[in-house]
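> Structure, please.
(one chain, ligands or ions: 2)
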Amino acid sequence: MGSQSQSPLHVVDFTDENMKPGTGAWFSACNVVRTALEDHGCFIAHYNRVGKELCDSVVCAMEHLFALPIETKVQKTSEKLFRGYLGQITWLPLYESLGVDNPLTMDGCQKFAHIMWPQGNNRFCESINDYAKLLGELDHMAKRMVFESYGVDMKRCDSFIESSNYVLRCMQYRTVKMNENELGMHCHTDLSTISIVHQLNNLNGLEIKIMEGEWCGVDASPNLFVVMAGDALQVWSNRRIRSCEHRVIMNAKKIRYSMGLFSFIDNMVHIPEELVNEQHPLRYKPIFNHDEYISFYDKEKIKDHNSRIEAYCGI
Ligand SMILES: O=C(O)CCC(=O)C(=O)O
Ligand SMILES: [Fe+2]
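Ligands and ions are numbered 1, 2, ... in the order given. Got it, this is the predicted structure:
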C-alpha cells in the first residue's frame, strides 16, 4: 500500500488575529495556499476557532447520531449524490456517513435532525451549526486566498462564494475485525470545489497522495483542518491546481469520527481569463456546470479523476 514519509504538506496559520486581507501576513499566506494547492492539492489549516470544547460536543453528537438504528439513518435520502446515508457497503465495510444539507443555516441542521429525531434535537443542531459555521468561515477565507493569489477580482470571489452550497458529511469508521483490510476509504478525489476535512476525535487515518506510491498521513488535532481542492477547483484553475487524491487507513483501536464540509457551485463555473495565458493555454471548456459534472460522474463511473474531467469538459 505504499510507504509513509515525513510531512511535506504546507501548513497555513490562521490563528493570527492580525492576518487580514491587505496585510503582509495575509499576502504571504496567499502564496503558501497557492503553492500548496498546486503541489499537493491541499494544505493544512492551523485554525483554533473551533477548539476542544466544541469538538467534544460534536463528537458527542456523532455518537448519538450513529447509535441510531440503521432503519432511522437510511431515512436520510437525497436526489444528490453522496448526501444521503451511506453505509453497509460491501467493499467499504468500516465506513458509514450521513450528509447534513445547508449546515451553515440552523434551518438546514433542524431539517436533518427532524429526520433522525422526529421530536427534534436542539443540542445536536446547535453544536453542528456552530461547528459548520466556523468551517464555513475557513472555506470563505481559503477561497479568498486562492482568488487573490491568482489576481482574480474579489467581486468574482464574492459571487463564487454566494453561489456555493454546502453539505457537512458526518463520518464514522468502525475498528477492523481480525484479518480485515484496514482500508477505511479508497483513494479518490472529491467532486467539490473545496473540501475541509477534520479528524474529529483525534484519531489519524487520513492520508494524502503526494506522489505515485507515496502517501503522507495527517496529524489529527482539534486545531488542524485539511483544506483540499476538489475536481471543480481543478477545472476553475485551468488545471493549475490539482484536485487532492486521498484515502483513509483505519488502524485506530477506537471508532474514528471525521467531518467533511464540501462546497459546490449552483451556477456555472467560469475559468477566469487571469488563469489562461501562453504558458497555461485553456485546458477545459471555459464554462463548467457543477451539477451536470456530478451526474456525469454518477453515470460514467470513470475512476481516474483526470480522465473523468477530461471526458466531461476537456478540449
Ligand atoms: O474521513 C476522512 O478523513 C476523509 C473522508 C473523505 O475523504 C470523504 O468523505 O470524501
Ligand atoms: Fe474525500
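> Secondary structure element holding the residue of the stretch 1-150 of the chain found nearest ligand 1?
With Cβ to the nearest ligand atom as the measure, the residue in the stretch 1-150 of the chain that lies nearest ligand 1 is residue 97; the distance is 6.6 Å. To be clear about C-beta, it is placed using only N, CA and C from the backbone, and glycine gets the same treatment. When elements are assigned from DSSP states H and E, residue 97 belongs to strand 95-101.
> Mind listing residues that contact the next helix-or-strand element following that strand?
Following strand 95-101 in sequence order, the next helix or strand is helix 106-116 (DSSP H and E). For helix 106-116, contacts defined as Cβ atoms under 8 Å, 6 or more residues apart in numbering pick out 65, 68, 72-73, 75-76, 98, 100-103, 120-121, 124-125, 128-129, 132.
> interface residues of the chain facing ligand 1?
Counting by Cβ under 6 Å from any ligand atom, the residues of the chain lying close to ligand 1 are 169, 171, 185, 190, 197, 199, 206, 246, 248, 258, 260.
> Tell me which two of these sit farthest apart.
Greatest spacing in those, by Cβ to Cβ: 190 and 199 (15.9 Å).
> before we move on, the earlier item: in terms of distance to residue 51, which of the residues of the chain next to ligand 1 ranks first?
For those, the closest approach to residue 51 (Cβ to Cβ) belongs to residue 199, at 15.2 Å.
> what pairs with that closest one across the strands?
Taking DSSP bridges, one finds residue 258 as the beta-bridge partners of residue 199.
> rewinding a little: tell me the mean pLDDT for the strand holding residue 97?
Strand 95-101 shows an average pLDDT of 98 in the prediction.
> where does the residue minimising distance to the centre of the chain land in three-state SS?
For the chain, residue 195 is the residue whose C-alpha lies nearest the centre (Cα atoms, centre = their mean; 2.0 Å). Secondary structure for residue 195, judged by DSSP: H, G, I helix; E, B strand; the rest coil, is strand.
> try residue 15
When states are read from three-state DSSP, the local structure at residue 15 comes out as coil.
> Does the residue nearest to it when sequence neighbours are not counted belong to a helix, a strand or coil?
Counting by Cβ to Cβ, 6 or more residues apart in numbering, residue 15 lies nearest to residue 48, which is 4.8 Å off, once chain neighbours are set aside. When classified by three-state DSSP, residue 48 comes out as coil.
> if I look at residue 48, how far off is residue 27?
Applying Cβ to Cβ, to the nearest Å, one obtains 21 Å for the distance of residue 48 from residue 27.
> Just give the nearest non-adjacent residue to the residue in the stretch 101-250 of the chain positioned nearest to ligand 1, would you?
Sorted by distance to ligand 1 under Cβ to the nearest ligand atom, the residues of the stretch 101-250 of the chain start with residue 206, at 3.8 Å. By the measure of Cβ to Cβ, 6+ apart, the closest residue to residue 206 outside its immediate chain neighbours is residue 218, 4.8 Å from it.
> need the contact list for the one you found.
With contact taken as Cβ under 8 Å, 6+ apart, residue 218 is in contact with 7, 9, 44, 199, 204, 206-208, 224, 226.
> Can I have the buried ones of the residues you listed as a PyMOL selection?
Applied in PyMOL, the following selects the buried portion of the contacts of residue 218 according to 16 or more other Cβ atoms under 10 Å:
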select buried, resi 9+44+199+204+206+207+208+224+226
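> mind giving me JSON lines with the contacts of residue 218 and columns for secondary structure and pLDDT?
Listed next are these as JSON lines, based on DSSP: H, G, I helix; E, B strand; the rest coil; pLDDT from 0 to 100:
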{"residue": "7", "secondary structure": "coil", "pLDDT": "86"}
{"residue": "9", "secondary structure": "coil", "pLDDT": "97"}
{"residue": "44", "secondary structure": "strand", "pLDDT": "98"}
{"residue": "199", "secondary structure": "strand", "pLDDT": "98"}
{"residue": "204", "secondary structure": "coil", "pLDDT": "98"}
{"residue": "206", "secondary structure": "strand", "pLDDT": "98"}
{"residue": "207", "secondary structure": "strand", "pLDDT": "98"}
{"residue": "208", "secondary structure": "strand", "pLDDT": "98"}
{"residue": "224", "secondary structure": "strand", "pLDDT": "98"}
{"residue": "226", "secondary structure": "strand", "pLDDT": "98"}
